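Novice: Predicted model, plus sequence, below.
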Number of protein chains: 2
Amino acid sequence: VEADDQSAVLAIASEIHYADLAQAYQDLDEERHPVFLKSIGPELAADMLVELPESMIEEALDHFRPAELKVLFRELSDDDRVDMLQAVGDEARLRYLGLLGPEDEELTRSLLRYEYDTAGGRMTTRFGRLFASMTVKQAIEYLRRDQDNTETLSRIFVVDAKGHLIGRVRLRDLAFNTWDTPIRDIMAEVGSEQRVLATADQEEAANILLKYDLVVLPVIDEFDHLLGIITHDDAMEILQEESTEDFERFGGIAGDQDEATYLNTPTFSHFRRRAGWLVGLAFVSIVSGYVMMRFGSVLSQAFVLSLFLPMVVAAGGNSGGQATTMVIRAMSLNELIQGTGTRVAWKELRTGFLLGLLLGICMALFTAFILPAFSPGLPAGIGYPRLALSVAVALTAQVTSATFLGSLLPFGARAMKLDPAVVSAPAIAAIVDVSGMVIYFSVVRTLLGL
Amino acid sequence: VEADDQSAVLAIASEIHYADLAQAYQDLDEERHPVFLKSIGPELAADMLVELPESMIEEALDHFRPAELKVLFRELSDDDRVDMLQAVGDEARLRYLGLLGPEDEELTRSLLRYEYDTAGGRMTTRFGRLFASMTVKQAIEYLRRDQDNTETLSRIFVVDAKGHLIGRVRLRDLAFNTWDTPIRDIMAEVGSEQRVLATADQEEAANILLKYDLVVLPVIDEFDHLLGIITHDDAMEILQEESTEDFERFGGIAGDQDEATYLNTPTFSHFRRRAGWLVGLAFVSIVSGYVMMRFGSVLSQAFVLSLFLPMVVAAGGNSGGQATTMVIRAMSLNELIQGTGTRVAWKELRTGFLLGLLLGICMALFTAFILPAFSPGLPAGIGYPRLALSVAVALTAQVTSATFLGSLLPFGARAMKLDPAVVSAPAIAAIVDVSGMVIYFSVVRTLLGL
């Protein structure tokens, strides 16, 4: 691939899978892209482009002449073509639409009406469709003629004369039945929950496919007309994208995952996606600092009190983050439907209390039995047992409240129609840092009388 | 479902999908389980059990008599049966193996040799297999006879006389070709990268399936004998499990995700999975506390210095956590292969420096222009500009080093053959809390001369 020998590149490229080809293209320096694309030609490039991250598509398309682009777009299946046009700028999209044949253009325009992240935006219209009135023989002939226009025949859907979805057959039902059997007699019903509206979120479509172990999910409009299908590989991609998005959001990284690989994303883009949260949370931390400053006199009465402050504060962030992790993931897996908030909160309140108690007891034992060996110097008139009690009480209160809060915030986000994963681990930590400071100083002042 | 009317339960149960049935079962109180299982009978229960979390399987099987269990196990496909036997205790497994017919028992025992989380442990042996020497007519008859024993005919694999995998055909190739065509002539090759060893990790199998958009992935032994297949729905489940595991590990939650839903997991199990990290990290926080205690005299010279301490510490945890998030997710998506560590470290060093600088500048501006309005009281002889400079330097150093460290730790874990996601967000935070304390106090002491 490194050499400039075009025919050698083509020879290798036509041997390997387009997923590997896309990988090779991404690993290449940008100045070699034009030569590479010219070598493989528009047909092979079409398959490869589908596998590229969205951000690289417009640049790649720019290297082709209009005549080549016509070939390239003709090679693509309708859903891939739409995805690609959604990845480029408005001006380029209009230009490319003009290169399609009249039929393709109309189809593409109608698909472009659906947002990228809806079932309609991800569906393909290249699928096997039969009429209930056909016989097996008619059906096989119909499918054979249409063969090149279908992406999958794993499931073939049956419609009535008006195009309403009424059933499905498997290719094996056709292959293993006599030729005069009517389709109506061998088709299976498609349950009302095993279809999805074109306007539904792509994640909903993927989840239905996953839940019912489907190879293919039919996409319908509000009148039950069959519009297209979503296949298992689309669903896998959707689930991967959504997991990545959840993971990154929860880690305090803003913006959508745009399919670009980590190493292909410029440093400045990495910087931009993280800067917002960092700066915002720094200002929240000033509140923690303010509390600490106000209670500074308490700490200066006995430096040993500083020993436990970072622990109490961090234990809140850790336990709150754990609670949020569990709740966000369970929400993503559709386990926490509406109305489960109270059950979750109650469970987390008990879990948090147990965790706080355990941590409190551990640290009380440490304070009462190990700390004295280092004789760190206690405040006047206060013994290790009382210090141990204070630490234990503060930890229990902090961990219980942080766990409770951490479990509730994703529900709050959901109630505000936000993605629960916007409640990131750093955000939880910043919030419970403040409460940790307040709890620790209040407990110490009250129980130790400072 | 709530009523005790068994025939009504059965009537409803046979109407709805087994995934929904499993959901209903899980939502039921435990004492109603026996009645529910008796009502639906072993045939329906078999399908439903497959969808249950592993931890509920043994209890459910206990409610059946041996004769019913025989029916139940006969209903299951081989891979589901193996999964189920892997979910129960050793004693129960032996007892259940004795209930299988001799043929099923042998097959099940041979599949049980593979660990649950390998390709062999997840594969099914119920798939369409043809010999290259057959004609289309022979093939169709062969498949028709074998029809009930195959899970999918989406892809049919072709073997030579010795059982080596040599190609694949689609059912449509059979349906649309003349009956005397030899299979050898219409089969497509199966690339060496589009198969997986039975001993390979399940995640590897799922990733191959995803990368090449396969419906079915053939599983082979080291001599290229075809042993079984992994289907797209297995792959989706595997990817979901692995994402959940990554997410939970990164959130500081120990132990494997066992498919139980959040609400069905008892409070004490939630407690147990989180307690380890919390207690361990609390002891790490004592180190932070120790640093703070040692430098207590610095803080007591001017309480305003406390204002920035939580911020510098938290900014490290936040930026380090962001870096780890990006790296762990990229590793899960197989983007960071061996040897990319240096490139990642260099990228993160620059990203971290930019983030630190931005944060430093923001806070320096705050210190120089907004803070004076609150006249918090500065250390003797020190003006706002010098304080602003100190804060900026400390933040830049802390964020740069934390980002750098956060990006490297997952590589360290991987080098030690651990799952990179064991480097959890709370662990990063605890580590850079310590460095944050040291950096802040060193910078303040040096630049402000305290």
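Specialist: Nice, I can see it.

Novice: and A:Ala315, how many residues sit next to it?
Specialist: 30 (other C-beta atoms under 10 Å in any protein chain shown). Where you see a C-beta, it was placed from the backbone N, CA and C, and this is true even at glycine.

Novice: Oh, that last question was meant for A:Glu30, not what I typed.
Specialist: Neighbour number of A:Glu30 under other C-beta under 10 Å is 8.

Novice: OK, contacts around the residue nearest to A:Val158 when sequence neighbours are not counted?
Specialist: The shortest distance from A:Val158 to any residue other than its chain neighbours is 4.1 Å, reached at A:Gly167 (C-beta to C-beta, 6 or more residues apart in numbering or on different chains). Counting by C-beta atoms under 8 Å, 6 or more residues apart in numbering or on different chains, A:Gly167 makes contact with A:Ala132, A:Phe157, A:Val158, A:Arg184, A:Met187, A:Ala188, A:Glu189, A:Val190.

Novice: buried set for stretch A:354-362?
Specialist: If you call a residue buried by 16 or more other C-beta atoms under 10 Å in any protein chain shown, then stretch A:354-362 has these buried ones: A:Leu354, A:Leu355, A:Gly356, A:Leu357, A:Leu358, A:Leu359, A:Gly360, A:Cys362.

Novice: re earlier: please narrow the contacts of A:Gly167 to those residing in helices.
Specialist: A:Arg184 (DSSP state H).

Novice: what subset of the buried residues of stretch A:354-362 is also close to chain B?
Specialist: A:Leu354, A:Leu355, A:Leu358, A:Leu359, A:Cys362 (C-beta under 8 Å from any C-beta of the partner chain).

Novice: Give me the below-cutoff pLDDT ranges for chain A.
Specialist: Applying pLDDT under 70 to chain A picks out residues A:1-5, A:147-152, A:256-260.

Novice: Show me the domain layout of chain A.
Specialist: Chain A breaks down by automatic domain parsing into domains covering A:6-113, A:121-239, A:267-448.

Novice: quick one: strands adjacent to the strand ranked longest in chain A?
Specialist: Counting by DSSP state E, the longest strand found in chain A is strand A:152-159. The partner list of strand A:152-159 in its sheet, established with DSSP bridges, is strand A:127-131 (parallel), strand A:165-169 (antiparallel).

Novice: Give me the contact list for it.
Specialist: So strand A:152-159 is in contact with A:127-132, A:139, A:143, A:165-171, A:174, A:183-184, A:187, A:190, A:214-216, A:218, A:226, A:229, A:231, B:154, B:170-172, B:215, going by C-beta under 8 Å, 6+ apart.

Novice: What subset of the contacts of A:Gly167 is buried?
Specialist: A:Ala132, A:Phe157, A:Val158, A:Arg184, A:Met187, A:Val190.

Novice: Of the residues you listed, just say which sits nearest to chain B.
Specialist: The nearest member of those to chain B, counting by C-beta to the nearest C-beta, is A:Val190 at 11.5 Å.

Novice: does that closest one really touch A:Leu165, like I thought?
Specialist: Yes. Between A:Val190 and A:Leu165 there is a contact at 6.1 Å, judged by C-beta atoms under 8 Å.

Novice: Mutual contacts of these two, please.
Specialist: Common neighbours of A:Val190 and A:Leu165 (C-beta under 8 Å, 6+ apart) are A:Phe157, A:Pro218.

Novice: Could you tell me whether A:Ile229 really is in a strand?
Specialist: Yes. Under DSSP: H, G, I helix; E, B strand; the rest coil, A:Ile229 sits within a strand.

Novice: Can you name the next helix or strand after the lengthiest helix in chain A?
Specialist: Ranked by residue count under DSSP H, the longest helix found in chain A is helix A:384-415. With elements assigned by DSSP states H and E, the helix or strand that comes after helix A:384-415 is helix A:425-448.

Novice: Buried residues in that following helix, which are they?
Specialist: Buried, per 16+ other C-beta under 10 Å, within helix A:425-448: A:425-441, A:443-444, A:447-448.

Novice: Repeat that for stretch A:265-272.
Specialist: A:Thr265, A:Thr267, A:His270, A:Phe271.

Novice: same deal with stretch A:375-389?
Specialist: Within stretch A:375-389, the residues that count as buried by 16+ other C-beta under 10 Å are A:Pro376, A:Leu378, A:Pro379, A:Ile382, A:Tyr384, A:Arg386, A:Leu387, A:Ala388, A:Leu389.

Novice: quick one: the third one and A:Arg445 touch, right?
Specialist: No. Shown here, A:Pro379 and A:Arg445 do not form a contact pair, counting by C-beta under 8 Å, at 11.1 Å.

Novice: What residues does the stretch 1-150 of chain A have near chain B?
Specialist: Counting by C-beta under 8 Å from any C-beta, the stretch 1-150 of chain A sits next to chain B at A:His17, A:Ala19, A:Asp20, A:Ile140, A:Leu143, A:Arg144, A:Gln147.

Novice: Using the three-state scheme, assign the fifth one.
Specialist: For A:Leu143, the secondary-structure state derived from three-state DSSP is helix.

Novice: check contacts around it.
Specialist: Contacts for A:Leu143 were tallied using C-beta under 8 Å, 6+ apart; they are A:Gly128, A:Leu130, A:Thr150, A:Leu153, A:Ile156, A:Leu174, B:Arg172, B:Phe176.

Novice: could those residues be laid out in TSV, adding distance to B:Gly321 and neighbour count?
Specialist: Shown next, in TSV, are the contacts of A:Leu143 (distance: C-beta to C-beta, whole Å; neighbours: other C-beta atoms under 10 Å in any protein chain shown):
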residue	distance to B:Gly321	neighbour count
A:Gly128	48	26
A:Leu130	53	23
A:Thr150	47	18
A:Leu153	47	21
A:Ile156	49	24
A:Leu174	55	24
B:Arg172	50	20
B:Phe176	55	18
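
Novice: quick check, nearest of those residues to B:Met48?
Specialist: Closest to B:Met48 out of the contacts of A:Leu143 is A:Ile156 (27.9 Å), distances taken as C-beta to C-beta.

Novice: Distance of the residue nearest to A:Val158 relative to A:Arg113?
Specialist: 27 Å (C-beta to C-beta, to the nearest Å).

Novice: same deal with A:Gln138?
Specialist: Relative to A:Arg113, and taking C-beta to C-beta, A:Gln138 is found at 33 Å.

Novice: and if you look at A:Glu204?
Specialist: For A:Glu204 relative to A:Arg113 (C-beta to C-beta), the value is 18 Å.

Novice: any idea which residue of chain A is furthest from its center?
Specialist: What lies farthest from the middle of chain A is A:Gly381; by C-alpha atoms, centre = their mean that is 56.2 Å.

Novice: With that, I have no additional questions.
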